[in-house]
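Engineer: sequence? don't have it. structure:
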């Protein structure tokens with residue numbers, strides 16, 4: 001099976017850019033879709049309550065509220081963690097280097113700006129509210145994903161030096 005850098009290296013520059021940048025752009029459009037009224041707390045709450053109530057029949061609406069809150073905030077955190085990894089991959093391209101701080105910085109900046117623009121987008125929706133706290137959770141999700149990736153790359157480099 002060809003390795004990662006050989007795939008990108010065999011593509012034309014235009015196809016290589018598409019190969020690396022299309023996934024984060026698609027994911028950004030998914031996040032944009034999540035910011036619509038369709039995915040407001042009211043709509044996701046009724047579906048999530050139905051699912052959880054099936055597995056936990058004694059679940060009351062009062063018990064459900066904090067669970068719903070946690071699921072929604074964890075979703076923010078996770079979707080922006082995924083975005084950070086996809087953006088980092090795009091900045092990395094077909095480089096043999098595993099980590100560069102410049103890639104991480106640009107990734108973090110884009111994640112933070114997209115988080116702010118996402119909340120601004122929600123301010124135009126009837127059933128959504130814009131929240132700087134959600135932007136902070138989003139950015140923290142991206143930051144955490146980058147730090148975990150950095151830790152894995154450092155760990156792998158340390159192991160290869162020791163062997």
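Structural biologist: All right, it came through fine. In this text the structure is predicted, and so the values were computed from the model without any measurement. Residues are numbered from 1 along each chain as shown.

Engineer: wait, residue 119 touches residue 131, no?
Structural biologist: Yes. Applying CB atoms under 8 Å as the test, residue 119 and residue 131 come out as touching, 6.1 Å apart. C-beta coordinates here come from the backbone N, C-alpha and C atoms, glycine included.

Engineer: pick out whichever of the two has more residues nearby.
Structural biologist: residue 119 (20 against 13; other CB atoms under 10 Å).

Engineer: what sits against the more buried one?
Structural biologist: Neighbour list for residue 119: 130, 131, 132, 134, 135 [criterion: CB atoms under 8 Å, 6 or more residues apart in numbering].

Engineer: let's see that with 6 Å instead.
Structural biologist: Applying CB atoms under 6 Å, 6 or more residues apart in numbering, we find residue 119 in contact with 130, 134, 135.

Engineer: could you measure from it over to residue 136?
Structural biologist: Residue 119 is 10 Å from residue 136, where distance means CB to CB, to the nearest Å.

Engineer: one step back: tell me which of the contacts of residue 119 is nearest to residue 100?
Structural biologist: The shortest distance between residue 100 and any of the contacts of residue 119, using CB to CB, involves residue 135 and amounts to 25.6 Å.
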